[in-house]
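Engineer: Pasting a predicted model and its sequence here:
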Amino acid sequence: MELKINDISTGYGNHVVSQHLTLTLPEHKITALIGANGCGKSTLLKTICRIIPPVSGSITLDGRPLSQYDSHKLARYIGILPQNPTAPGELTVRELVMYGRSPYKTSLFARNNKEDREIVEWALDETDMLEFAERRVRSLSGGQRQRAWIAMAIAQTTDILFLDEPTSFLDVSHQMEILHLIEHLNREYEKTIIMVIHELNEAARFADYLVAMKKGEILYKGTTQDVFTKEMLFDIFGIDSELMTDPRTGRPLCIPYSLSRRSGQSREDI
């Protein structure tokens, strides 16, 4: 399903964060939104997901304005995992994941059918959470909890999945666990995945497409190989860096050295 952002401006109340953003998100790819804190990444993601309305402009899904979709039906096409989600303390992992089937219920009190149960089992299996299915969500480690939430999101069986900082506050082993899971969902099931992520080398390693933002503007967008350059790192983050090629993946790898804006360097010096 093609998702297009057409000249949108967005923000909170009277505070406009971004203006005149236009973007087509590639289907069946992993897209990473990168940029410094406060640049508008999460605001853009929330606007695309219809959590907050655009100030102006439009977003279309398969050529139809997103505003025309019923919320219940839209949840069958788009899933989202927000930052730091919370669940009631006594909820089990299986119960949490079953919430992912809510968009397919005809009423609040509709019973879970065979298809619901089979999809929940699949989601638990894909995220390696079957052995924790009867555990309380609150008893899980950070990495386990994140996998449980991703299991709930994929139980929606949407074509598009948004993830807002899915690796935040996780140690490096759990970061790799989550990112390899995201990669698996994309490669195996061709899910279109859009994620906000801070770790630059993880973005370069796992994303097919990069959108780099600064002060509410999209300054760079394109394939990882085209966008992940010394010039982009200087313009977006103000860092003097060196790039090398990852010997295992062939992807670019960044080694940051200094904050160029503090050293008086210009872009021409890098």
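Structural biologist: Alright, I've got the coordinates.

Engineer: Tell me which residues touch the residue nearest the centre of the chain, please.
Structural biologist: By C-alpha atoms, centre = their mean, the chain has its centre lying nearest to M195, at 1.9 Å. Counting by C-beta atoms under 8 Å, 6 or more residues apart in numbering, M195 touches 30-33, 162-166, 182, 207. Bear in mind the C-beta positions are built from the backbone N, C-alpha and C, glycine included.

Engineer: ok, now with 10 Å
Structural biologist: Neighbour list for M195: 30-34, 41, 45, 81, 161-167, 178-179, 182, 202-203, 206-207 [criterion: C-beta atoms under 10 Å, 6 or more residues apart in numbering].

Engineer: Check R50 too.
Structural biologist: Counting by C-beta under 10 Å, 6+ apart, R50 has contacts 59, 66-67, 69, 71, 74, 78, 80.

Engineer: So which residues of the stretch 51-200 of the chain form helices?
Structural biologist: 71-74, 93-98, 114-126, 142-154, 172-189, 200-206 (DSSP state H, counting those that start in this stretch).

Engineer: average model confidence for the third one?
Structural biologist: Summarised as a single mean, pLDDT over helix 114-126 is 97.

Engineer: before we move on, what about the second one?
Structural biologist: Rounded to a whole number, the mean pLDDT of helix 93-98 is 97.

Engineer: Could you tell me how far the nearest residue to V137 once chain neighbours are set aside is located from Q146?
Structural biologist: With sequence-adjacent residues excluded and distances taken as C-beta to C-beta, 6 or more residues apart in numbering, V137 is closest to A87, at 4.6 Å. According to C-beta to C-beta, to the nearest Å, A87 and Q146 sit 12 Å apart.

Engineer: Which one of the two is surrounded by more residues?
Structural biologist: Q146 (25 against 18; other C-beta atoms under 10 Å).

Engineer: Settle this for me: that one is touching T167, isn't it.
Structural biologist: Yes - Q146 is within contact range of T167, at 8.0 Å (criterion: C-beta atoms under 10 Å).

Engineer: Please enumerate the shared neighbours of those two.
Structural biologist: In contact with both Q146 and T167: 174-175, 177-178, using C-beta under 10 Å, 6+ apart.

Engineer: Mind putting these into a markdown table with neighbour count and distance to F132?
Structural biologist: Shown next, in a markdown table, are the shared contacts of Q146 and T167 (neighbours: other C-beta atoms under 10 Å; distance: C-beta to C-beta, whole Å):
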| residue | neighbour count | distance to F132 |
| --- | --- | --- |
| H174 | 18 | 14 |
| Q175 | 19 | 19 |
| E177 | 19 | 14 |
| I178 | 22 | 15 |
